[in-house]
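Visitor: structure of the sequence below:
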Amino acid sequence: MTTKNSKQQPSLFALTAQMEFTAGADTGDGKPVLPRFSMIAYTGGPMRIAGWRYPVIVDLSGLSIPLQARPIRLQHDENKGVGHTDSIRVEGGKLLASGVISRDTADAKEVVTSSRNGFPWQASIGASVDVSEFVKENKSVLVNGQTHHGPVNVVRRATLGEISFVDLGADGNTSAIAATKAGENTSMSKDATETTDTTTNAEGTEAPKAEAKATGGTDAAAPPITAAATTNAPADPVAEIRASAAAEVKRIADVRAKCGDKHADIAAKAIAEGWDANKTELEVLRASRPEAPAVHSPDNATSTAILEAACLMSGGIAGNSLLDSHGKQAVEAASKKYKGSLGLQELLLEAAWANGYTGRTFRDSRAVLRYAFAGSSIQAQGYSTISIGGILSNVANKFLLEGFFSVERSWREICAIRNVTDFKTVTSYRLIGDDMYEELTPAGELKHGTLGEEEFTNKAETYGKILAITRKDIINDDLGAITTVPRKLGRGSGLKINDVFWTVFMNNGTFFTAGNRNLSEGVDSALSIDGLTKAETMFMDQVDSDGKPIGLVPQIMLVPTSLSAMATNLHQSQELRDNTTGRASYPTNNPHRNKFRPVVSRYLSNAKYQGNSSKAWYLLADSMDLAVVEVAFLNGQEAPTIETADADFNTLGVQMRGFHDFGVAKQDSRGGVKSTGVAAA
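Guide: Numbers count the residues shown, from 1 in each chain. I've put the predicted structure just below:
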């Protein structure tokens, strides 16, 4: 979700890595020994990323690694080669990589030489974001083996590109860096800082020693790791082990001495993470000092953050969400000064006064609006620059999302999501053909297979509407206008995407047909144990264009509201009893318990949509496996965008426009079975 004052969510991201340098082993063949590196690129937890409103989690199960050998570069520049990876893997919920400094370039020498000189190199992994998902507040999601609570963004699919040495990642207190130039994709990084010094080998020459440690985000810190250069006369390994053990015993003793009996938790962390005595003492001092009270702004002071917080509180947004977005100081100042209620005229006057307006009332409304919307154009010495347009945009975004997520979103559970970069028709392909393995000939020859392809198209369109805060709203001092209008725009976007989606999905007379072997008709197709068994059998018997089984199982039971209770029973109940058949014996065990997840939509039976039915229902594959319908979003933007226009003081109005770029298209008919629930006409 973007505004005119914000950046788009990134389609590229970079994770700053925890690194380890080691010297390569001497193979004895006279070839130069190449330095090696290894890194923990990502630990699977949430990150605060520039360009994303809420924390981001990368789903490692959806990370595509095209090749194990990926280029290693300097500063993400394809003309600055450094080396390559030879191992990239996901292990224990973490992304790990290792490789060699193999390029004979000035940049490769720069990396090695600077590291030896103590330069704190960082590493950054670049990848494209293919599919992302927003998890709403009060919802939870399981990613990388951990349960996380919304609001949070989940990158479901990404493709690894390259890994770079960079000289600057992010601030140590954050876990994000921004993109380079305006208009380019935003990068995100996981902070890690590497410090390098030298150690002396048996011959008296200096060799690099690297220590890697995470400084932000969720990465666990690694113990110190050193690497000595290869020499012809190796040092005494027993002496090295003894010296290392003695140093470690002394370090632990120093840590415990600094922590004493009052800071056992700090001692445990310091020992596990390899802290020295100085760092331990610093952490003890920080933990021992009293917490300073929150700084309160004087009643006559204001700021953009305080005004935004007051607007949100007046609109009913409070709690952790408000604290996370605006901070404790701004929230406390807004609560004390405005008591949870801020009028529209008061908001405009506050902004006007901050920008140099000297009047004390709203009587000269044109002048008030001119100063309020002036922002940085006011150059009077000593005045702050607060733009009401920026405040309205930021506040409106909060209420826009509330409205958007208030509308039914069952479409999101049954569709595939595509990211498009323009409004041209895009075509996707599904490979088919003779791909089954064959037995080798006695000569060990592998036979060539053949591949065809099936095409599916989609195209994004723009939908939007303009609403206004009118002169009457301003004169009536109605602050509710700046919360109601964006809520309506958000709700309007949610209603439109439902309208387009279900119009396309339900117009399926030529999609679910007997010829496609995905249409179940007759009284025995009604939603019941028998009807569900019939649909399941039909789905499992689906074949590809070569007549082979598609090899998928259905996952979703899509039903109208009238069948919601029956769908829930079929999904959850251990037994289903029929007391109306009059049969002496009747099986009561439910063979479909926990098989198919029920999804309910009120659109399926709505009379305004072609193909509506209160008895028809669908059995669908998981959209990640084989989708029957796809939604394409421009630049992966699943939420609508809202923009606020500066007031025209001649008309005393403030306009807000909301727009959303998306497209919907049916895909593969073999991804589902439709059951009409009634006899064929």
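Visitor: just list whatever residues bridge to the closest residue to Ala567 other than its chain neighbours.
Guide: With sequence-adjacent residues excluded and distances taken as C-beta to C-beta, 6 or more residues apart in numbering, Ala567 is closest to Pro598, at 3.8 Å. Using the backbone N, CA and C atoms, a C-beta is placed for each residue, glycine as well. Beta-bridge partners recorded for Pro598 (DSSP bridges): Met557.
Visitor: Pro598 is in contact with Met557, isn't it?
Guide: Yes. Here Pro598 reaches Met557: they are 4.9 Å apart, a contact under C-beta atoms under 8 Å.
Visitor: need the overlap of contacts for these two.
Guide: Residues touching both Pro598 and Met557 (C-beta atoms under 8 Å, 6 or more residues apart in numbering) are 567, 570-571.
Visitor: and the buried ones among these, selectable in PyMOL?
Guide: To isolate the buried members of the shared contacts of Pro598 and Met557 in PyMOL, using 16 or more other C-beta atoms under 10 Å:
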select buried, resi 567+570+571
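Visitor: output the shared contacts of Pro598 and Met557 as JSON lines; include the columns pLDDT, secondary structure and distance to Gly658.
Guide: Formatted as JSON lines, these follow (pLDDT from 0 to 100; DSSP: H, G, I helix; E, B strand; the rest coil; distance: C-beta to C-beta, whole Å):
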{"residue": "Ala567", "pLDDT": "93", "secondary structure": "helix", "distance to Gly658": "34"}
{"residue": "Leu570", "pLDDT": "91", "secondary structure": "helix", "distance to Gly658": "40"}
{"residue": "His571", "pLDDT": "91", "secondary structure": "helix", "distance to Gly658": "37"}
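Visitor: for the closest residue to Leu634 other than its chain neighbours, give me its contacts.
Guide: Sequence neighbours aside, Asp661 is the residue nearest to Leu634 in space, at 3.5 Å (criterion: C-beta to C-beta, 6+ apart). Asp661 sits next to 423, 460-463, 633-635, 637 when contact means C-beta under 8 Å, 6+ apart.
Visitor: for these, which one is nearest Ser675?
Guide: Phe633 (30.6 Å; C-beta to C-beta).
Visitor: contacts only, for that closest one.
Guide: Counting by C-beta under 8 Å, 6+ apart, Phe633 makes contact with 417-420, 460, 661-662.
Visitor: from Glu332, how far out is it?
Guide: Computed as C-beta to C-beta, to the nearest Å, the Phe633 to Glu332 distance reads 38 Å.
Visitor: please apply the same query to Pro55.
Guide: In this view, Pro55 and Glu332 are 24 Å apart by C-beta to C-beta.
Visitor: looking at those two, which is more packed in?
Guide: Comparing Pro55 with Glu332 by other C-beta atoms under 10 Å, the one with more neighbours is Pro55, at 21 against 17.
Visitor: right, and that one touches Arg48 too?
Guide: Yes. Taking contacts as C-beta under 8 Å, Pro55 lies within contact range of Arg48: 5.8 Å.
Visitor: now stretch 100-108 - C-alpha only, PDB.
Guide: Provided in PDB are the C-alpha atoms of stretch 100-108 (Å, rounded to 0.1, in the frame of the first residue of the first chain):
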ATOM      1  CA  VAL A 100      35.300 -19.000  -2.700                       C
ATOM      2  CA  ILE A 101      36.800 -15.700  -3.700                       C
ATOM      3  CA  SER A 102      37.500 -17.000  -7.200                       C
ATOM      4  CA  ARG A 103      37.600 -13.900  -9.400                       C
ATOM      5  CA  ASP A 104      40.900 -12.400 -10.500                       C
ATOM      6  CA  THR A 105      39.700  -8.800 -10.400                       C
ATOM      7  CA  ALA A 106      40.700  -5.600  -8.600                       C
ATOM      8  CA  ASP A 107      37.400  -5.800  -6.700                       C
ATOM      9  CA  ALA A 108      38.200  -9.300  -5.400                       C
END
